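Trainee: sequence unavailable; structure follows:
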Ligand code: PGA
């Protein structure tokens, strides 16, 4: 039985001030599992305005992305310090939708260092494309991403708070890894992390997690939580997923 300690919501480029207000007000009235951390990654514009509401709902806020530099001529980017100042405690790094826009393993390592300097915890996403899985290279692909991450300097690695396995072919597609396939990858990641003294790091599964499949996924031994995209925009569904984590 996984302990399902961490459930995260990635709103992606969805939401407004009114949406966030209603979401956190309703969330504060629900009964959530104890001994479970919940993180919401809203668009950065909502971090400041949602700060008090999220806290009242027992949720922690995170930024969906940060730049690796502390400041500079990077039009359109946000630094770790900037998102921390308006209420982010976490940063989501290496999401495949960011990697698809050109972010590299090296960028993720720089961002991890930036998170460490700003006192943010980092959740780093790993995952293989369909072609790698079909070629029987899913594990080697994901382990290579992990190795690149773990090559970060020790001070940067101190910011690593969770790793999310999100197979690219399962993100936003309705396709989910079978609980057994997800568990097999998580086991492999756990062993690699353990070898670096990081075996206790929460390992989250992401990719079309829904109320209907959450329980089967979260009951796997090495799945410690979920990173929920589309389904997290519906508070009732996100609540059901969080509850499934303890049932
Ligand atoms: P999804 O997204 O749940 O909509 O598949 C997951 C994610 O991208 O983090």
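Mentor: Yes, it's here. What you see is a predicted model; the values in this text were computed from it and never measured. Numbers count the residues shown, from 1 in each chain.
Trainee: helix or strand right after the lengthiest helix in the chain?
Mentor: If you go by DSSP state H, the chain has its longest helix at helix 179-194. The helix or strand immediately downstream of helix 179-194 is strand 203-206, counting by DSSP states H and E.
Trainee: the ligand contacts on this structure?
Mentor: For the chain, the contact set with the ligand under CB under 6 Å from any ligand atom comprises 10, 166, 171-172, 206-209, 227-231. Just so you know, the C-beta spots here come from the backbone N, C-alpha and C atoms, and that holds for glycine as well.
Trainee: between these, which is nearest residue 123?
Mentor: Nearest to residue 123 among those: residue 227, at 7.2 Å, using CB to CB.
Trainee: of the residues of the chain next to the ligand, keep whichever come out buried.
Mentor: Among the residues of the chain next to the ligand, those scoring as buried are 10, 166, 171, 206-209, 227-231 (criterion: 16 or more other CB atoms under 10 Å).
Trainee: for the ligand, give me its nearest residue in this protein.
Mentor: residue 229 (2.2 Å; CB to the nearest ligand atom).
Trainee: and the nearest residue to that residue once chain neighbours are set aside, bridged to which residues?
Mentor: Leaving aside its sequence neighbours, residue 229 sits nearest to residue 10 (CB to CB, 6 or more residues apart in numbering; 4.8 Å). When bridges are called by DSSP bridges, residue 10 pairs up with residue 41.
Trainee: and whichever strand or helix holds residue 24, what other elements does it pack with?
Mentor: According to DSSP H and E, residue 24 maps onto helix 17-28. Packing partners of helix 17-28 (3 or more CB pairs under 8 Å, 6 or more residues apart in numbering; DSSP states H and E): helix 47-56, helix 235-244.
Trainee: now the first one against helix 17-28, angle please.
Mentor: With axes from the mean of the first three to the mean of the last three CA atoms, to 10 degrees as the basis, helix 47-56 and helix 17-28 are set at 10 degrees to each other.
Trainee: remind me which residues of the chain are low pLDDT?
Mentor: Low-confidence segments of the chain (pLDDT under 70): 1-4.
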